[in-house]
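> When you get a sec, could you give me coordinates for this:
(one chain, ligands or ions: 1)
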Amino acid sequence: QSITTDMATLEREVKKYATDKKVELENLKEREEYRREFMGNVSHELKTPLFTVQGYIDTLIDGVKDKEIRKKYLNRAQKGVERLVYIVEDLDMIAKLEMGELTLDYSEFNIVDLIQSVFDMLEMQADKKNIILMFDRKYSKDIKVKADKEKIRQVLINLVMNSVKYGKENGTTEVTIEDLVKNKVIVRIRDNGEGIEKQFIPRLFERFFRVDKSGARSEGGSGLGLSIVKHIIERHDEKIYVESEFGSGSEFSFTLEKAK
Ligand code: ADP
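The predicted structure is shown next:
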C-alpha cells in the first residue's frame, strides 16, 4: 500500500517537474524572442540617423566649396548626432525599466512647479510652431503629490513634447490637474493637433511604435517616449489614459497620489 502511494506521489512530482521545466523553457524562449526583436528594432532605429550623419560627413570630407552649404551640412550632421543621443538615452531608460532595475525615489513635491519648469524647458520648441503652453490653475495653485519627481518630470516632458511635435501650428497645449476620488489627482495634457486614428490607439504604448502617416517620421523621436511614460506610471501603481480624435486632437492623462 505504502509503495503504491509513494509511486503515485513520485509520479505527481515527476509530472510537476516536467511542467515546471516546460514553463521555464517557454519563458526562456519568450525572453530570447523579445531580445531578438528588441535588438532588431534598436539597430533599425539607429541606422537611419547614423547613415544620415555618415552621408554628410563623407560629403564634407570630399570637400564642399560653398561656406553656407558646408555650414548647413554640419548642422544636419549635428542634428543626426543629437537624435542618436536621444535614442540611446531612451534605450537605456527602457532597458532599465523593463528589466525592473529602476527603483523609485519617492518624495513630496509641488506638481504645479514641476509643470511650470517643464513648460520653461520646452518653450523654445513650442515657440517654433507658435504653440501656446497653457496651465489651468482653476483647481490648483499648490498641489503636493507623492511620487518620484525626476521620473514624473520625464513623463511630463515626453507628453508635452509630443503635444508640441504632433500639435498644429498656432495651436495650444493645455495641462490641467483635477482632484479624483481618494487622495488622487489626474493630470491631463491636451492638444488640438493632428490626433490619432482609432485603429492605432491600442498600439501607442508599444515600444518603437510610431504612426506612419503622421508627422512622426519627419519629427525626431524613437517611438519609445510613450512606452517609457507607461512604464513609469505603472511602476507608481498609477493609471494612464489616452483619448484622441483623428484630425482634432489628443488627450493623455495620468493619475498621481496626493501627499497627505
Ligand atoms: P515618438 O514621438 O518618438 O515617435 P512616442 O512613443 O512618444 O514616440 O509616440 C508614439 C507615436 O504616437 C508617435 O510617433 C505619434 O505617431 C503618436 N503620438 C504620440 N503623441 C501624440 C499626440 N499628442 N498627437 C498625435 N499623435 C501622437
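> Let me see the ranges of the helices in this protein.
2-62, 67-98, 111-128, 149-165, 225-235 (DSSP state H).
> Can you name every helix or strand that the first one contacts?
In terms of contacts (3 or more C-beta pairs under 8 Å, 6 or more residues apart in numbering; DSSP states H and E), helix 2-62 is packed against helix 67-98. For glycine as for every other residue, the C-beta is placed from the backbone atoms N, C-alpha and C.
> tell me the mean pLDDT over the helix it packs on?
Averaged across helix 67-98, the pLDDT comes to 89.
> let's number from 579 now, not from 1
I'll keep to 579 as the first residue from here, and by that count the last item is helix 645-676.
> contacting residues around the residue in the stretch 729-838 of the chain that the ligand sits nearest to?
Nearest residue of the stretch 729-838 of the chain to the ligand (C-beta to the nearest ligand atom) works out as residue 799 at 2.2 Å. Taking C-beta atoms under 8 Å, 6 or more residues apart in numbering as the criterion, residue 799 is in contact with 664, 743, 788.
> got the residues of the protein near the ligand?
Counting by C-beta under 6 Å from any ligand atom, the residues of the chain close to the ligand are 736, 740-741, 743-744, 769, 771-774, 782, 787-789, 792, 794, 799-805, 828.
> Go again with 8 Å.
With C-beta under 8 Å from any ligand atom as the criterion, the chain comes near the ligand at residues 668, 736-737, 739-741, 743-745, 767, 769, 771-774, 778, 782-783, 787-790, 792-794, 797-807, 822, 827-828, 830.
> Are any of these buried, and if so which?
With burial judged by 16 or more other C-beta atoms under 10 Å, the buried subset of the residues of the chain next to the ligand is 668, 736-737, 739-741, 743-745, 767, 769, 771-774, 778, 782-783, 787-789, 792, 794, 799-807, 822, 827-828, 830.
> mind showing which ranges of the protein have poor pLDDT?
The chain contains residues with pLDDT under 70 at 579, 715-718, 791-798.
> Who is residue 768 paired with across the strands?
Note on residue 768: beta-bridge partners by DSSP bridges are residue 752, residue 829.
> Now for it: which residues touch it?
Per C-beta under 8 Å, 6+ apart, neighbours of residue 768: 741, 751-754, 827-829.
> Adding distance to residue 592, write those residues out as CSV.
Output for those, formatted as CSV (distance: C-beta to C-beta, whole Å):
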residue, distance to residue 592
741, 58
751, 61
752, 63
753, 59
754, 60
827, 60
828, 55
829, 55
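> Let's check: the centremost residue of this protein is which one?
The chain has residue 803 as the residue nearest its centroid, 2.1 Å off, counting by C-alpha atoms, centre = their mean.
> Wait, that one touches residue 668, no?
Yes. Under the criterion of C-beta atoms under 8 Å, residue 803 makes contact with residue 668 at 7.1 Å.
> on that earlier part again, what's the nearest residue to the residue nearest to the centre of the chain once chain neighbours are set aside in contact with, if anything?
Take residue 803 and drop its neighbours on the chain: the residue closest to it by C-beta to C-beta, 6 or more residues apart in numbering is residue 736, 4.2 Å away. With contacts defined as C-beta under 8 Å, 6+ apart, residue 736 is in contact with 803-804, 806-807.
> ok so, going back, ok, the residue nearest to the centre of the chain - contacts?
Residue 803 neighbours (C-beta under 8 Å, 6+ apart): 668, 736, 739-740.
> 10 Å instead?
Contact analysis of residue 803 by C-beta atoms under 10 Å, 6 or more residues apart in numbering lists 664, 668, 672, 732-733, 735-737, 739-740, 743, 782-783, 788.
> Great, nothing more from me.
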